[in-house]
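1. Have a look at this prediction, sequence included:
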Amino acid sequence: MITSQRMAVVDRNASALGVSPDRLMENAGAALGREAKREDPDDAVVLAGTGNNGGDALVAARFLSNVADVTTVLLGRSSRIRSQEASESWRILERSEANLVELRDSTALDDLNFDVDVVVDGMLGVGVSGGLREPVASAVETVNGSDARVVSADVPSGVDPDVEEPSGGYVDADAVVTFHDEKRVHGALDARVVVADIGIPDSAEELVGQGDLWLLQRMPDAHKGDHGRVLVVGGGPYTGAPGLTARATLRAGADLVEVVAPERAADAVASYSPDLITSALDGDHLKPRHVDGVAERAEDADTVVVGPGLGSADETLDAVGELLPRLDNAVVDADALRKIDTVDEDAEVIATPHAGELAHHVDGVPDGWRERRPVVERFAEEKGVVTLLKGRYDVVSDGSETRASRTGNPGMTVGGTGDVLAGVCGALSARLGCFDAACIAAFANGRAGDAVVEEKGYGITATDLVEALPQALRKDEDV
Ligand SMILES: NC(=O)C1=CN([C@@H]2O[C@H](COP(=O)(O)OP(=O)(O)OC[C@H]3O[C@@H](n4cnc5c(N)ncnc54)[C@H](O)[C@@H]3O)[C@@H](O)[C@H]2O)[C@H](O)CC1
Ligand SMILES: [K+]
């Protein structure tokens, strides 16, 4: 089962891996054409929209025309076809002397002969939005009124692929050729559903890529403070860590960040970066008597990052054990991970262990990323937290799905890169679900490290990483 948003991400990851949209459209159209050829039709009508669902149907028309008389009807002018790939398919049909109709409006439907063996429905796919507009609305009615066998591309036109039950007007298909993976609505249809493999490599789903960054670009433009108010609870024996985390949250797009830290660490944060709000806790490490005050501040934050630089004094771990269950959105890092069992089961939590920290909770962490996947998945499932296991390849799981990120380099073993990653998780989880946030954070953190090494060579510092984050969170133009 895949949502249309996840499909768009996977499409772009496939493209970034070199499997271009026109390869996917050719494979999709060929599968659609094969299904339309079943039962040896003599004649067919292909209905193509101006989007890529239509593009698939134009490819299918080419395959079908080798065995049947095909009339291809574009719902609009060919100049309105949106993508290059679909336009090229139209031009191929033109050059091939195919029988083409550009439907100007719904009245022209009456001139068409729908008394054919098969109709290919490539009017709308996962790009459908809102109630059916003309001429699609009339075309759907005409198709549903015909005796032809109807084969729909991806989803029957008119249904929203991400809902359980179709609603409003839609094509009552006999068969649906859906691409790559089932869509939610298919379960409610009484059509034959064929899942067509269109050549998307597994790694387009299993490896975090530029397509995942595209997800971030789609976020609605937030107003100040609407998104990304992050609280960082850290510092103690280590004074630099919470500042790195906090600065990273800003560089990863958070609107506001506040650091709560013991006084020496709070001073270090304030001198590191004036745009960080700090609140000092008396003493030199987090104590249980601080917890009420910190929990109160957490009320105003979208996400609380707990851990960077806290140290592992008994009193501090006790305090962490009292604080975590009171948080409903948290990133748990470093020494705070020892108390991961105390998080509230309904809370949205990202845990960011390295192999050593995870080893406290599981019996053995294998070396290879593929061998690590079941270990991370099981830990995430048992603890009910999204888990990002840092390593040569970062492995991220929400307990049912597991992805890996290949970005990053040996230069990033320098101290502080984990603090930066925790900050990026905090910023993104204020805008995305925890699993997507952790995946994109792992990918961007490593990509920032790669960019710094590319520019400056090895010997990078965590502060270099922080400054490289904005660029690392932007996908390349051509994906
Ligand atoms: N990896 C894959 O799964 C592949 C999928 N392909 C096909 O691409 C479509 C999605 O294409 P897209 O261009 O994003 O959108 P659609 O073609 O589904 O529809 C957009 C098109 O329709 C118009 N429109 C939208 N809503 C309405 C409405 N309510 N009434 C009338 N018209 C509407 C809109 O204006 C656009 O013109 C996917 O389903 C697959 O079939 C790739 O081709 C292969 C890889
Ligand atoms: K369709």
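-> Good, I have the coordinates. Ligands and ions are numbered 1, 2, ... in the order given.
2. Next up, the contacts around the residue nearest the centre of the chain.
-> Centroid-nearest residue in the chain: D212, 4.6 Å away (criterion: C-alpha atoms, centre = their mean). Contact analysis of D212 by C-beta atoms under 8 Å, 6 or more residues apart in numbering lists 9, 13, 436, 439-440, 443. (C-beta placed from N, C-alpha, C; glycine too.)
3. For the one helix or strand in the chain whose mean pLDDT sits lowest, list the C-alpha coordinates in PDB.
-> Confidence across the helices and strands of the chain bottoms out at helix 210-217, with a mean of 92, counting by mean pLDDT, DSSP states H and E. The C-alpha atoms that make up helix 210-217 are tabulated as PDB, following Å, rounded to 0.1, in the frame of the first residue of the first chain:
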ATOM      1  CA  GLN A 210      16.300  13.700  -3.200                       C
ATOM      2  CA  GLY A 211      12.700  12.700  -3.500                       C
ATOM      3  CA  ASP A 212      12.400  12.800   0.300                       C
ATOM      4  CA  LEU A 213      13.800  16.400   0.200                       C
ATOM      5  CA  TRP A 214      11.100  17.300  -2.300                       C
ATOM      6  CA  LEU A 215       8.600  16.400   0.500                       C
ATOM      7  CA  LEU A 216      10.100  19.100   2.600                       C
ATOM      8  CA  GLN A 217       9.800  21.700  -0.200                       C
END
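4. returning to that earlier point: the residue nearest to the centre of the chain and ligand 2: what is the separation?
-> Here the criterion is C-beta to the ion, to the nearest Å. By it, D212 lies 26 Å from ligand 2.
5. tell me which parts of the protein are close to ligand 1?
-> 7, 11, 24-25, 28, 49-56, 82, 124-133, 136, 153-154, 179-180, 198 (C-beta under 6 Å from any ligand atom).
6. check those residues against ligand 2, which are close?
-> Among the residues of the chain next to ligand 1, the residues within reach of ligand 2 (C-beta under 5 Å from the ion) are 53, 153.
7. Return the subset of the residues of the chain next to ligand 1 lying in strands.
-> Within the residues of the chain next to ligand 1, membership in strands is found for 153, 179, as judged by DSSP state E.
8. Quick one: buried ones out of the residues of the chain next to ligand 1?
-> Burial of these was assessed by neighbour count (16 or more other C-beta atoms under 10 Å); the buried members are 7, 11, 24-25, 28, 49-56, 124-126, 128, 132, 136, 153-154, 179-180, 198.
9. Please enumerate the helices of the stretch 301-450 of the chain.
-> 314-323, 355-359, 369-383, 417-429, 434-456 (DSSP state H, counting those that start in this stretch).
10. and among the ones you listed, the most buried is which?
-> Neighbour counts averaged per stretch over the helices of the stretch 301-450 of the chain are highest for helix 417-429, at a mean of 30; criterion: mean count of other C-beta atoms under 10 Å.
11. quick one: the single nearest residue of the stretch 251-400 of the chain relative to ligand 1 from ligand 2, how far?
-> Distance from ligand 1 to each residue of the stretch 251-400 of the chain (C-beta to the nearest ligand atom) is smallest for S400, at 21.7 Å. Counting by C-beta to the ion, the separation of S400 from ligand 2 is 29 Å.
12. again with D110
-> 22 Å.
13. Also I350?
-> I350 sits 37 Å away from ligand 2 when distances are taken as C-beta to the ion.
14. for that residue, what are its contacts?
-> 330-332, 385-388, 425, 429, 434, 437-438.
15. can you put those in TSV and add distance to ligand 2?
-> What follows is the contacts of I350, written out as TSV (distance: C-beta to the ion, whole Å):
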residue	distance to ligand 2
A330	42
V331	41
V332	44
V385	39
V386	34
T387	38
L388	38
C425	38
S429	35
C434	33
A437	32
A438	34
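16. Same list, those, but as CSV with pLDDT please.
-> Below are these laid out as CSV (pLDDT from 0 to 100):
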residue, pLDDT
A330, 98
V331, 98
V332, 98
V385, 98
V386, 98
T387, 98
L388, 98
C425, 98
S429, 95
C434, 97
A437, 97
A438, 98
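17. Hmm, the residue of the stretch 251-400 of the chain closest to ligand 1 is touching E381, no?
-> Yes: counting by C-beta atoms under 8 Å, S400 does reach E381; the two are 7.1 Å apart.
18. Which parts of the stretch 151-300 of the chain are strands?
-> All strands of the stretch 151-300 of the chain, identified by DSSP state E, counting those that start in this stretch, fall at 175-179, 192-196, 229-233, 256-262, 277-281.
19. Count the residues that sit near V362.
-> V362 is flanked by 14 other residues according to other C-beta atoms under 10 Å.
20. right, and it touches V375 too?
-> Yes: the criterion here is C-beta under 8 Å, and V362 meets it with V375 at 5.9 Å.
21. Can you pull the residues that touch both of the two?
-> What both V362 and V375 touch, as defined by C-beta under 8 Å, 6+ apart, is an empty set.
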